[in-house]
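Chemist: have a look; sequence and predicted model below, questions after that.
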Amino acid sequence: MNRNEFLAALDEMLELDPGTLKGGEELDGIDSWDSLAVISFIALVDEKFNTVVAGEDLAKAKTVDDLLALVSDHVTA
Amino acid sequence: MEIEPERLLAGRRVLRFAGGPGAAVDRGPQDNGGVPLVLIHGFGGDALSWQFNIQALVKGAAGSPGRRVLAVDLPGHGASTLDIPAGLGGVADWVVRLMDAVGVGRADIVGHSMGGRVSLLLAERHPDRVRRMSLIACAGVGSRVDAGFLQALCTLETLDQARGLIDRLFAGAPPNREALARAFLLRLADPATRGPLTRLLDRLVADIGAAPSRFDWTQPLPPLQLIWGDADDIVPPPDAADLPSHVTLHRLPGVGHMPQAQAATQVNALLTEFHQ
């Protein structure tokens, strides 16, 4: 999976229009990024890459790029 | 301030039953024969308090077929009824009715703080429904409970107050402090939930007050483990010397009252190992 495909999956998960997320967006500025979205994000990563993101790492994420960094081993540029 | 009903219901199942409605986040396979795991949050939390745990527990150990995980909203919380049962024993009975409604029979139970006390009462009143139990920062097993902190949750008005409460919960400022504080304020300053929460707090304080100062570990209990943050000053960890040898206490250094969030990886590993 490449970066744009992962961003598209995040758009869909967060019920945003396709192409909305570019990477630099702050998570605090995304209305639909909440605890339920966190659960969905962890499940999405597990489904796509068979790995469970650590909550401690996720708690530190400030931007969409920070989320991408958590899966950098699996997402190509 | 109110939470949009659609957002509150998203991702949850809402069940109708006597004393309901009851809501829960219900994830994982339901038909593979495994024992489901029921997660019971603490006072002022909700099913999403387990946001860093649910998927890891659904997945389980490497090679595991996965399991069903049911994170409940207790009465007065999340999308569940605002009618508070009489007494914490009534809350435990209510959880069993929710389990009935979603088709969960015998289960493993994980309870946090007040949810731990509810879990103990559930095991006492419905022993056939509990296989094993993990209690995280559990109220009512001997150490004091800071009722003043719980009262402050019920009177929360400002974001700054929310930040202060978050810092106490985590024994320091967590990296996602602002998001947590905003969610806290949104949830706890909702006028619709404030009355029920206050009534539930009264039940909790009465229950803890009526309990003997030393927990009776000789009573029949399912196999259980205790998990505690070493820096928890809301419900401080018990003295290991007071515990029977068959109860393991895992103390997590530097962790406050929210081990399942603050030390999610370690707690998930402890739960996965114990609840195989």
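Modeler: Received it, and whenever you're ready, just let me know what you need. Only a predicted model underlies this, so the values are computations on that prediction, with no experimental measurement involved.
Chemist: mean confidence for the host helix or strand of A:Asp46?
Modeler: Assigning secondary structure by DSSP states H and E places A:Asp46 in helix A:35-49. Averaging pLDDT along helix A:35-49 gives 93.
Chemist: stretch B:9-17 now?
Modeler: Averaged over stretch B:9-17, pLDDT sits at 88.
Chemist: buried ones in it, by neighbour count?
Modeler: B:Gly11, B:Arg12, B:Arg13, B:Val14, B:Leu15 (16 or more other Cβ atoms under 10 Å in any protein chain shown). C-betas here are computed from N, CA, C, even on glycine.
Chemist: just stretch B:173-186 next, same as before
Modeler: B:Pro174, B:Asn176, B:Arg177, B:Glu178, B:Ala179, B:Leu180, B:Ala181, B:Arg182, B:Ala183, B:Phe184, B:Leu185, B:Leu186.
Chemist: and the residues you listed, which of them are in helices?
Modeler: Residues of the buried residues of stretch B:173-186 located in helices (DSSP state H): B:Arg177, B:Glu178, B:Ala179, B:Leu180, B:Ala181, B:Arg182, B:Ala183, B:Phe184, B:Leu185, B:Leu186.
Chemist: same for chain A: which of the residues you listed are within range?
Modeler: Contacts with chain A within those, counted by Cβ under 8 Å from any Cβ of the partner chain: B:Glu178, B:Ala179, B:Ala183.
Chemist: low-confidence stretches in the chain?
Modeler: Just so you know, I chose chain A. Judged by pLDDT under 70, chain A has no weakly predicted residues.
Chemist: wrong chain, I was asking about chain B
Modeler: B:1-8.
Chemist: now the strands for it?
Modeler: B:13-15, B:22-27, B:37-40, B:69-73, B:107-112, B:130-136, B:224-229, B:248-252 (DSSP state E).
Chemist: chain A: which of these is closest?
Modeler: strand B:22-27 (7.1 Å; Cβ to the nearest Cβ).
Chemist: enumerate the residues of chain A near chain B.
Modeler: Counting by Cβ under 8 Å from any Cβ, chain A sits next to chain B at A:27-28, A:34-36, A:38-40, A:42-43, A:46, A:52, A:54-56, A:58-60.
Chemist: mind redoing it with 7 Å?
Modeler: A:28, A:34-36, A:38-39, A:42-43, A:46, A:52, A:54-56, A:58-60 (Cβ under 7 Å from any Cβ of the partner chain).
Chemist: would you point out which residue of chain A is nearest chain B?
Modeler: Nearest residue of chain A to chain B: A:Gly55, at 2.6 Å (Cβ to the nearest Cβ).
Chemist: so where do the helices sit in the chain?
Modeler: Since no chain was named, I'll use chain A. A:3-13, A:35-49, A:55-60, A:64-70.
Chemist: not what I meant, chain B
Modeler: B:5-9, B:54-59, B:87-102, B:114-125, B:147-154, B:159-169, B:177-188, B:191-210, B:259-262, B:264-274.
Chemist: possible to save those helices as TSV with distance to B:Thr81?
Modeler: Formatted as TSV, those follow (distance: least, Cβ to Cβ, whole Å):
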stretch	distance to B:Thr81
helix B:5-9	13
helix B:54-59	22
helix B:87-102	8
helix B:114-125	15
helix B:147-154	18
helix B:159-169	25
helix B:177-188	16
helix B:191-210	9
helix B:259-262	24
helix B:264-274	28
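Chemist: I am finished for the moment; much appreciated.
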